[in-house]
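Peer 1: just to be clear, the model below is a prediction. Sequence and coordinates:
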Amino acid sequence: MVPSPPLGANVAERFQLMLAMTLAGFEGSLRRHMPASAYRDFYLWAISAENPRQDAFLQAMGIPLLTKLTVTLLDNLVDDRAWRQLAECSAPISSYLTYEVVSDNLAIGLASPRPDDMTGVLRRFLVRAFNHAMIARLSGDPRPAAQLLAPLQSTARRISGFDQSLNRDKQRACSEAYLILRSDLELADLEYAVWPALVANVEACLDLAESLRARHAAGLLREGLVRRYQAVNHLLEARNTPLPQLVAVGADAILVAPTLAYYVAVLAEIIQPLERFSHVIADGTLASALYDAALLVRLLNDLGTGLVTLAARERSALLDMMMTQYRECSTARTTADLLLNMSDDMDLFTRLRKDILFGEFNVALDGLAHIRLTPDTLLAFGRNLSYLSQLYAQRRTTLQETLAAIGERLGDERVSALISRFVQFHEQLYSNSFHTPAGEYAI
């Protein structure tokens, strides 16, 4: 990777400023974008200092780690005078990504539906319809999100926002604290109220796209957002997708490319314009770098840093260990069973464990997690792991070369440093256990 400038000594001050600007921006977005409702009132209270559980709520929404990511990306790339402007420019994307926690949570469990999941069919319908509405709005449909999503209100009222999260207890505790102040409300008024957040999500996304309308990177941002929602629908609908295509769809399904497109534009077009920036957009060089960064983060997210970076000899030893465990563990009926059993003692499997427990999409386990466990099943998993690990190493090298070329062409290393830092941040994040704040955005 391109060497990143060392983080500044005043990181803590910049973090607090960025957090304050993020919360101020999110409050403004709530008032502009979320329909008037008890749910909006709750959110406004929950992010404020009036909430005695403010820290827990912010963590549940991923705001502190998102703020840390932003500071890590941008620290020392501009001087102190420009930092407040950077913080202001970060507010629109931070608000949008915060709403995305709610819509992402609706998809928990859809990759591997459980027999006792009573809302799986409803949520699949809701997520697909939400994605279509988002694509329509980004593609120029003038109808406001509340109108596009109006037919989904009754469906959304049947889905618990608490159950569809990684932090049910925190959500419930914060809501119960709010109900002490609002005797006119019941818990269900907050638990079954995801629809207003979906409306706000669409409008905040459109605001984000429109914020770069006159910039060279506008197309990269909007296209990346559209491809994200198209890709999620593909994952919900497709079966038996070849692994290389599945990885490509998975890279589009996360928000790495549009997030980086936005921050790069802020840095290179707004804060300190670079004369030759349009050149690396016009010839596709920047788009290539953003895609490779997205692919790397997808693999890190699904496999974890330790697993995806195993050397060939270590991967072979791991597969031998799994074969031995398979022969000795009569209770493991599926690949998922075996991985869960082994993950009790191996942090190496922490990301696989997360996706198995929450029924989420995982490129390494697609089509393998819940079929009968056999030696052939384990060999197929081993082939997936080998392919994905080699792909990670190859694309990381390619990205490093592309970023070096971008830095040389621009005569400025900051765009390359920002993209490099993004990947490095997630390498560190996904080296930790998923059930700790250091290993997941919103828990």
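Peer 2: Cool, got the structure. These figures come from a predicted structure and were not determined experimentally. Numbers count the residues shown, from 1 in each chain.
Peer 1: which other residues reach the helix or strand harbouring Gln325?
Peer 2: Following DSSP states H and E, one finds Gln325 within helix 312-328. The set of residues external to helix 312-328 that reach it, using CB atoms under 8 Å, 6 or more residues apart in numbering, is 310, 332, 338, 341-342, 348, 373, 375, 378-379, 381-382, 385-386, 389. No exception for glycine: its C-beta is placed from N, CA and C like everyone else's.
Peer 1: Asn206 and Asn105, how far apart?
Peer 2: Rather than Asn, residue 206 is Leu. 21 Å (CB to CB, to the nearest Å).
Peer 1: brain fart, His234
Peer 2: Taking CB to CB, one finds His234 at 20 Å from Asn105.
Peer 1: swap in Gly284?
Peer 2: The value you get for Gly284 to Asn105, if CB to CB is used, is 34 Å.
Peer 1: with neighbour numbers in mind, choose between those two.
Peer 2: Taking other CB atoms under 10 Å, Gly284 and Asn105 do not tie; Asn105 has more neighbours (23 against 10).
Peer 1: helix or strand: which one has the more buried one?
Peer 2: helix 80-106.
Peer 1: helices and strands around that helix, which ones?
Peer 2: Counting contacts by 3 or more CB pairs under 8 Å, 6 or more residues apart in numbering; DSSP states H and E, helix 80-106 is packed against helix 11-33, helix 63-74, helix 120-138, helix 195-210, helix 256-265.
Peer 1: save the ones you listed as a markdown table, and put in mean neighbour count too.
Peer 2: Formatted as a markdown table, the helices and strands packed on helix 80-106 follow (neighbours: other CB atoms under 10 Å):
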| stretch | mean neighbour count |
| --- | --- |
| helix 11-33 | 18 |
| helix 63-74 | 22 |
| helix 120-138 | 19 |
| helix 195-210 | 24 |
| helix 256-265 | 26 |
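Peer 1: where among those helices is the average confidence lowest?
Peer 2: Mean pLDDT is lowest for helix 63-74 among the helices and strands packed on helix 80-106, at a mean of 90.
Peer 1: picking that back up, now the helices and strands packed on helix 80-106 as JSON lines including distance to Asp292?
Peer 2: Converted to JSON lines, the helices and strands packed on helix 80-106 look like this (distance: least, CB to CB, whole Å):
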{"stretch": "helix 11-33", "distance to Asp292": "27"}
{"stretch": "helix 63-74", "distance to Asp292": "17"}
{"stretch": "helix 120-138", "distance to Asp292": "24"}
{"stretch": "helix 195-210", "distance to Asp292": "23"}
{"stretch": "helix 256-265", "distance to Asp292": "10"}
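Peer 1: out of those helices, nearest to Gly224?
Peer 2: Ranking the helices and strands packed on helix 80-106 by proximity to Gly224 (CB to CB) places helix 256-265 first, at 3.3 Å.
Peer 1: and the closest residue to Ile93 other than its chain neighbours, how far is that from Ala217?
Peer 2: Nearest non-adjacent residue to Ile93, counting by CB to CB, 6 or more residues apart in numbering: Tyr262, 5.2 Å away. Distance of Tyr262 to Ala217, computed by CB to CB: 8 Å.
Peer 1: got it, and Ser343?
Peer 2: 40 Å.
Peer 1: how close does Ala380 sit to Leu373?
Peer 2: 11 Å.
Peer 1: with Ser160 instead?
Peer 2: Taking CB to CB as the measure, Ser160 falls 32 Å from Leu373.
Peer 1: comparing the two, which residue is more hemmed in?
Peer 2: Higher neighbour count among Ser160 and Leu373: Leu373, with 20 against 16, using other CB under 10 Å.
Peer 1: contact partners for the more buried one?
Peer 2: By CB under 8 Å, 6+ apart, the neighbours of Leu373 are 326, 332-335, 337-338.
Peer 1: buried subset of the residues you listed as a PyMOL selection?
Peer 2: PyMOL command restricting the contacts of Leu373 to the buried ones, with burial defined by 16 or more other CB atoms under 10 Å:
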select buried, resi 326+332+334+335+337+338
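Peer 1: nearest to Phe26, of the contacts of Leu373?
Peer 2: Among the contacts of Leu373, and counting by CB to CB, the member closest to Phe26 is Thr335, at 40.1 Å.
Peer 1: mind listing what the closest one touches?
Peer 2: So Thr335 contacts 365, 368-371, 373, 377-378, 381 (CB under 8 Å, 6+ apart).
Peer 1: 10 Å - rerun?
Peer 2: 322, 326, 352, 356, 364-365, 367-374, 377-378, 380-381 (CB atoms under 10 Å, 6 or more residues apart in numbering).
Peer 1: pLDDT on stretch 38-57, on average?
Peer 2: 95.
Peer 1: got the buried residues for that stretch?
Peer 2: Going by neighbour count (16+ other CB under 10 Å), the buried part of stretch 38-57 is 38-47, 51, 53-54, 56-57.
Peer 1: and what of stretch 354-374?
Peer 2: Using 16+ other CB under 10 Å as the test for burial, stretch 354-374 gives 354-366, 368-370, 373.
Peer 1: model confidence over that stretch, on average?
Peer 2: The model assigns stretch 354-374 a mean pLDDT of 92.
Peer 1: endpoints of that stretch, how far apart?
Peer 2: 22 Å (CA to CA, to the nearest Å).
Peer 1: hmm, Ala200 and Ala36 touching each other?
Peer 2: No - applying CB atoms under 10 Å as the test, Ala36 and Ala200 come out as separate, 11.5 Å apart.
Peer 1: intersection of neighbour lists for Tyr262 and Ala217?
Peer 2: Contacts common to Tyr262 and Ala217, judged by CB under 10 Å, 6+ apart, are Gly224.
Peer 1: which residues in the stretch 201-350 of the chain form helices?
Peer 2: 218-237, 243-253, 256-265, 277-282, 285-303, 305-308, 312-328, 335-343, 350-357 (DSSP state H, counting those that start in this stretch).
Peer 1: okay, the fourth one in PDB with CA atoms only?
Peer 2: Spelled out, that is helix 277-282. What follows is helix 277-282, C-alpha atoms only, in PDB (Å, rounded to 0.1, in the frame of the first residue of the first chain):
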ATOM      1  CA  PHE A 277      -7.900  15.000 -10.800                       C
ATOM      2  CA  SER A 278     -10.400  14.800 -13.700                       C
ATOM      3  CA  HIS A 279      -7.800  12.800 -15.700                       C
ATOM      4  CA  VAL A 280      -7.700   9.800 -13.400                       C
ATOM      5  CA  ILE A 281     -11.500   9.800 -13.500                       C
ATOM      6  CA  ALA A 282     -11.900  10.100 -17.300                       C
END
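Peer 1: what's next to that helix, contact-wise?
Peer 2: 215-220, 261, 264-265, 267-269, 274, 285-289, 402, 405-406, 409-410, 412, 415.
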